[in-house]
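Novice: A structural model of the following input is requested.
(chains A and B)
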Amino acid sequence: MSRGGMETIASSARSTASNKQTDAMVSQSNRRYATLCRGREPCLPGGWRAAHRLSSSNPRPAPSAIAKDDEGALVASAKAGDASAFEELVNRYEGKIFRLAMNITQNREDAEDAMQDAFLKSFAHLRDFQGDSRFYTWLVRITVNEALMKLRKRRPNQISLDEPVESEDDLLPREIKDWGPTPEQQFAQTELHTVLSNVISQLDAGFRVVFLLRDVEELSTEETAQLLGLSVPAVKSRLLRARLKLRQKLDSYFQRSQSN
Amino acid sequence: MNCRGVIRELSDYLDGELDARAREELERHLTNCTDCRLVVDTTRKTIQIFCNSEPVPLPEDVRARLHKALEKRLRQQPT
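Specialist: This next block holds a predicted model:
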């Protein structure tokens, strides 16, 4: 991308079709909720928890009768108006969606709002979901748009899609050390989470989001490019840089840990 | 292929998107270059560590607010 034609993620995301869908989602939400729940007594009027006969001492619903690995059946059931099936989907993905929103926004309040909006909009527009991707992938797309909007509002001048100014020399690793076969096992699980959150927070948003979509959420290069309004070469360039930067940042943890 | 070439092609190599000839050249370089071999290995591990990392459970207060919001929207449905 030429520097003259640089755009922010925010303005680019606004111009994408997915963002237009997001805007449309807001205006249509009430009608969609009504559609989803039409003729389904459990939605009315006792609401979410009442539909599952939840007690306050046990906030988690009983597992759906649908096999846990059958996402397609859960989505079909939710589309037919079964709120418990949608709740099962929420229970299944809420942790991953919150982590994704947190990693993008770097702000707990924004991440929580982005997650809530993403689930509400996915519910409202479930009937628009055609099943040409996994439901989770569709949910990720909505979440990314919501999280980027929050990020843009909070830090409007820091979300740049500018081509990095580093030279190729800056990418060449220095003082390269072996990490051993399973470096992550040197850390307790919670400690590792802290390390990963810390290093990814140090990446610029333009790198961070590409890495998260490609390597954590496992979207294709083309899907990532489309979602972010970037070219395929731009996604590849950012991914390479993100990977090398994260490698370098983890290097200090794993080397330090090995020397202890 | 030299060390710069390895770095340039690293992502495509790790993603299995390098054509056969370039992959052979890169792997030939790796057999003779310890530094590049370590960079490839540690970059692959970087991706795996992030990819395999399970999310921490949603904080209970965050989860409660999420489900309350969903419940509230459901209650807005016409009867």
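
Novice: Assess the claim that residue B:25 and residue B:1 are in contact.
Specialist: Yes. With contacts counted by CB atoms under 8 Å, residue B:25 reaches residue B:1, the gap being 4.3 Å. Every C-beta, even on glycine, is put in place using the N, C-alpha and C of the backbone.

Novice: Can you give me the domain boundaries for chain A?
Specialist: A:8-154, A:175-259 (automatic domain parsing).

Novice: Indicate which one of those is closest to residue B:14.
Specialist: domain A:175-259 (7.9 Å; CB to CB).

Novice: what about the closest one and chain B, touching?
Specialist: Yes. Shown here: domain A:175-259 in contact with chain B (CB under 8 Å from any CB of the partner chain) through A:176-179, A:183-184, A:189-190, A:192-193, A:196, A:200, A:211, A:215-216, A:218, A:236, A:239-240, A:243-244, A:246-247, A:250-251.

Novice: where are the low-confidence patches of chain B?
Specialist: B:77-79 (pLDDT under 70).

Novice: Please, which helix or strand holds the residue in it positioned nearest to chain A?
Specialist: Closest to chain A within chain B is residue B:71: 3.3 Å, counting by CB to the nearest CB. Here residue B:71 sits within helix B:60-75, counting by DSSP states H and E.

Novice: name the helices or strands packed onto that helix?
Specialist: Packing contacts for helix B:60-75, counted by 3 or more CB pairs under 8 Å, 6 or more residues apart in numbering or on different chains; DSSP states H and E, involve helix A:17-37, helix A:47-51, helix A:83-105, helix A:108-124.

Novice: Chain B: helices as residue ranges?
Specialist: With DSSP state H as the criterion, chain B has helices at B:3-14, B:20-32, B:34-52, B:60-75.

Novice: Using CSV, lay out the ones you listed together with mean neighbour count and distance to residue A:96.
Specialist: Listed next are the helices of chain B as CSV, based on neighbours: other CB atoms under 10 Å in any protein chain shown; distance: least, CB to CB, whole Å:
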stretch, mean neighbour count, distance to residue A:96
helix B:3-14, 18, 23
helix B:20-32, 13, 33
helix B:34-52, 18, 12
helix B:60-75, 17, 13
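
Novice: Ok, which of those helices comes nearest residue A:136?
Specialist: Of those, nearest to residue A:136 by CB to CB is helix B:34-52, at 14.6 Å.

Novice: Determine if any part of that closest one is in contact with chain A.
Specialist: Yes. Counting by CB under 8 Å from any CB, chain A is contacted by helix B:34-52 at B:35, B:38-39, B:41-43, B:45-47, B:49-52.

Novice: Give the closest residue to the residue nearest to the spatial centre of chain B in space, chain neighbours not counted.
Specialist: Closest to where the C-alpha atoms of chain B average out (CA atoms, centre = their mean) is residue B:47, at 4.0 Å. The spatial neighbour of residue B:47 that comes closest, neighbours along the chain excluded (CB to CB, 6 or more residues apart in numbering or on different chains), is residue A:215 at 5.0 Å.

Novice: Least reliable of the helices and strands packed on helix B:60-75 by average pLDDT, please.
Specialist: Note on these: lowest mean pLDDT is at helix A:17-37, with a mean of 36.

Novice: Quick check: end-to-end length of stretch A:120-133?
Specialist: End-to-end span of stretch A:120-133 (CA to CA, to the nearest Å): 19 Å.

Novice: ditto for stretch A:174-183
Specialist: So stretch A:174-183: terminal residues 19 Å apart, CA to CA.

Novice: who touches it?
Specialist: A:186, A:250-251, A:254-255, A:257-258, B:35, B:38-39, B:41-42, B:45, B:49 (CB atoms under 8 Å, 6 or more residues apart in numbering or on different chains).

Novice: Stretch A:192-203 too?
Specialist: Outside stretch A:192-203, the residues touching it (CB under 8 Å, 6+ apart) are A:102-103, A:106, A:184, A:187, A:208, A:211-212, A:242, A:245-246, A:249-250, A:253, B:49-50, B:53, B:56.

Novice: One more: stretch B:11-31?
Specialist: Contacts for stretch B:11-31 (CB under 8 Å, 6+ apart): A:236, A:239-240, A:243, B:1-3, B:5-6, B:9, B:36-37, B:40, B:43-44, B:47.

Novice: starting at the chain centroid, how far to stretch B:28-45?
Specialist: 18 Å (CA atoms, centre = their mean, to the nearest Å).

Novice: what are the C-alpha coordinates of it, in PDB please?
Specialist: Only the C-alpha atoms of stretch B:28-45 are listed here, as PDB (Å, rounded to 0.1, in the frame of the first residue of the first chain):
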ATOM      1  CA  ARG B  28      18.900 -27.200   1.700                       C
ATOM      2  CA  HIS B  29      19.900 -23.900   3.300                       C
ATOM      3  CA  LEU B  30      18.500 -25.100   6.700                       C
ATOM      4  CA  THR B  31      20.700 -28.100   6.700                       C
ATOM      5  CA  ASN B  32      23.800 -25.900   6.700                       C
ATOM      6  CA  CYS B  33      22.600 -22.900   8.700                       C
ATOM      7  CA  THR B  34      22.000 -23.400  12.400                       C
ATOM      8  CA  ASP B  35      20.600 -19.900  12.900                       C
ATOM      9  CA  CYS B  36      18.000 -20.200  10.200                       C
ATOM     10  CA  ARG B  37      17.000 -23.600  11.500                       C
ATOM     11  CA  LEU B  38      16.500 -22.200  14.900                       C
ATOM     12  CA  VAL B  39      14.500 -19.200  13.600                       C
ATOM     13  CA  VAL B  40      12.200 -21.600  11.600                       C
ATOM     14  CA  ASP B  41      11.800 -23.800  14.700                       C
ATOM     15  CA  THR B  42      11.100 -21.100  17.200                       C
ATOM     16  CA  THR B  43       8.800 -19.200  14.800                       C
ATOM     17  CA  ARG B  44       6.800 -22.400  14.300                       C
ATOM     18  CA  LYS B  45       6.700 -22.900  18.100                       C
END
